[in-house]
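Give me coordinates for this.
(one chain, ligands or ions: 1)
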Amino acid sequence: MIYLDNAATTKTAPEVVEAMLPYFSEQFGNPSAIYSLGSAAKKAVNRAKRTIAAAIGAKQEEIYFTAGGTEADNWALKAAVEAYESRGKHIITTKIEHHAVLHTCEYLERRGYEITYLDVDSEGLVDPEALEAAIRPDTILISVMFANNEIGTIEPIGEIGAIAKEHGILFHTDAVQVFGQIPIDVEGLHIDMLSASGHKMNGPKGIGFLYIRSGLKLRSFIHGGAQERNRRAGTENVPGIVGLEAATVRALGMLEEKSAKETELRDYLIERIEKEIPYCRLNGHRTKRLPGNVNFSFLYVEGESILIMLDMKGICASSGSACTSGALDPSHVLLALGLKHEEAHGSLRLTLSEENTKEELDYVVEALKETVGKLRAMSPLYEDFIRKGAEPDK
Ligand code: PLP
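Residues are numbered from 1 along each chain as shown. Sure thing, here's the model as predicted:
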């Protein structure tokens, strides 16, 4: 199997599993318990907080564990608007956020908040000037993702953070695709809240965190016990937290090496596809791009058909369409770039890890050439397109 869907989830690293195992067995204590078995678990949780805080230039008490990126996004948005409601009800976000943010915004709209969904350019970049122009006296929150999960475009987060700070507006970023992949400094980037997730960086599933700058008066999201300083109730997922810490240590230790290797593989794959498969379009920014992200649209083919045929050749990838109630909806991200529906439907996302090799990518390119060729050969639209004078080898 060739796994090229690392933006969807990653393999839990062996050292992460090893670090977690004792917390299922001999170290099974509840961190809230007074006896030493409990305090050992509490110590592990606090140590993980220190490690993760240090990784983003934050303080231990600014890290709150959650059940993943979705919960962190929900908490950040819902709690921030509730806390700052007396100042206004306007939120600024973008059209290309993950559904964890977009659907939360839609929920908030139904509760009377007004949302500005910023456009992006054809490469997926948010324009900081347009963002500044969208600020109103009643704007209370800006939420812009650090990098997009589909097209890999990395947003100008530092510039956006500086604008938010200058206007005294809270700034949240969804860094789920970024934490553990590229360095983050919440101070330098003026980030007030940041969401991250374990399973996108070789940690376990079902664990993530929300960074909340100290001084922000965000209420509890989940009510119950006094865990997480009364802000997120529920017995801590100690094995998950320990696993997230181990994944953080691992990621930081190999950050540069991993990024260099993935960037090289990414650019190799992009170059070969562009050269060898006619009528394709690279989606996302060419250089302001996550190291492992490759996203193409192929004219006159369906992304879903490519996926099925690649799967038969042992390749795991992803497409830019989502299946909702049996119908395929083209990706909102690709539509926001200005792609037509049929272009968005013909898209394929390949997301690499440092474990992939050039040989694997060579196999993938050959498989893709064959697949796209076969699908186009069955397409009357493609036949017509060629007949009308398009050169097939362009
Ligand atoms: N935000 C982004 C950008 C993501 O890519 C994802 C996962 O696909 C999430 C949020 C949700 O994270 P989780 O799966 O940990 O809930």
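
Can you list the residue ranges for helices in this structure?
Using DSSP state H, the helices of the chain run over residues 14-20, 36-56, 69-84, 99-110, 128-134, 157-166, 227-230, 238-253, 255-276, 303-312, 332-336, 341-345, 358-377, 380-387.

Contacts made by the third one with the rest, please.
Identification of contacts with helix 69-84 by C-beta atoms under 8 Å, 6 or more residues apart in numbering yields 64, 66, 89, 91, 98, 100-101, 104-105, 107-108, 113, 140-141, 143, 170, 172, 174, 176, 193, 195-197, 200, 208-210, 212, 216-219, 221, 232. No exception for glycine: its C-beta is placed from N, CA and C like everyone else's.

One more pass at 7 Å, please.
The contact list for helix 69-84 (C-beta atoms under 7 Å, 6 or more residues apart in numbering) reads 66, 91, 100-101, 104-105, 108, 113, 140-141, 143, 170, 172, 174, 176, 193, 195-197, 208-210, 217-219, 221.

thinking again about what came up before, nearest to the ligand, out of the helices of the chain?
Nearest of the helices of the chain to the ligand, taken as C-beta to the nearest ligand atom: helix 69-84 at 2.6 Å.

Is the ligand within reach of that closest one?
Yes - residues of helix 69-84 contacting the ligand under C-beta under 6 Å from any ligand atom: 69, 70, 73.

So the second one versus residue 175, what's the distance?
As judged by C-beta to C-beta, to the nearest Å, residue 70 and residue 175 stand 14 Å apart.

what do you get for the last one?
In this structure, residue 73 lies at 10 Å from residue 175, with C-beta to C-beta as the measure.

anything in contact with each of those two?
Residues touching both residue 73 and residue 175 (C-beta under 7 Å, 6+ apart): residue 195.

Can you pick out the residue with more neighbours from these two?
Each of residue 73 and residue 175 has its neighbours counted (other C-beta atoms under 10 Å); residue 73 has more, 31 against 27.

returning to what we had before: possible to save the residues of helix 69-84 next to the ligand as CSV with distance to residue 59?
Putting the residues of helix 69-84 next to the ligand into CSV (distance: C-beta to C-beta, whole Å) gives the following:
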residue, distance to residue 59
69, 21
70, 25
73, 22
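
about what we covered before: would a markdown table of the helices of the chain with distance to residue 150 and mean pLDDT be doable?
Listed next are the helices of the chain as a markdown table, based on distance: least, C-beta to C-beta, whole Å; pLDDT from 0 to 100:
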| stretch | distance to residue 150 | mean pLDDT |
| --- | --- | --- |
| helix 14-20 | 26 | 98 |
| helix 36-56 | 24 | 97 |
| helix 69-84 | 15 | 97 |
| helix 99-110 | 11 | 98 |
| helix 128-134 | 21 | 98 |
| helix 157-166 | 18 | 98 |
| helix 227-230 | 31 | 91 |
| helix 238-253 | 22 | 98 |
| helix 255-276 | 15 | 98 |
| helix 303-312 | 11 | 95 |
| helix 332-336 | 4 | 96 |
| helix 341-345 | 10 | 89 |
| helix 358-377 | 18 | 97 |
| helix 380-387 | 24 | 90 |
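
Touching stretch 342-356 from outside, list them.
Outside stretch 342-356, the residues within contact range by C-beta under 7 Å, 6+ apart are 4-7, 10, 150, 258, 261-262, 265-266, 269, 281, 283, 292-303, 306, 317-321, 328, 330-331, 334-335.

just the residues you listed that are near the ligand?
Among the contacts of stretch 342-356, none lies close to the ligand by the criterion of C-beta under 6 Å from any ligand atom.

Please check those and keep the buried ones.
With neighbours counted by 16 or more other C-beta atoms under 10 Å, the contacts of stretch 342-356 contain buried members at 4-7, 10, 150, 258, 261-262, 265-266, 269, 281, 283, 292-303, 306, 317-321, 330-331, 334-335.

if I look at residue 114, how far off is the ligand?
Distance, residue 114 to the ligand, using C-beta to the nearest ligand atom, to the nearest Å: 23 Å.

residue contacts, that residue?
Residues in contact with residue 114 (C-beta under 7 Å, 6+ apart) are 89, 90.

What residues are bridge-paired with it?
Counting by DSSP bridges, residue 114 forms beta bridges with residue 90.

Near the ligand, which residues of the stretch 101-250 of the chain are found?
So far as C-beta under 6 Å from any ligand atom goes, the stretch 101-250 of the chain lies against the ligand at 145, 149, 174, 176, 177, 197, 199, 208.

What count of nearby residues applies to the residue nearest to the fourth one when sequence neighbours are not counted?
To tie it back to what came earlier, the one meant is residue 176. Once flanking residues are discounted, residue 176 sits nearest to residue 69: 3.9 Å by C-beta to C-beta, 6 or more residues apart in numbering. Using other C-beta under 10 Å, residue 69 has 27 neighbouring residues.

Then the one 3 residues further on?
Summarising burial for residue 72: neighbours were counted as other C-beta under 10 Å, giving 30.

Over to residue 275?
By the criterion of other C-beta under 10 Å, residue 275 has 9 neighbours.

any idea how far stretch 175-188 is from the chain center?
11 Å (C-alpha atoms, centre = their mean, to the nearest Å).

pLDDT on that stretch, on average?
What stretch 175-188 shows for mean pLDDT is 97.
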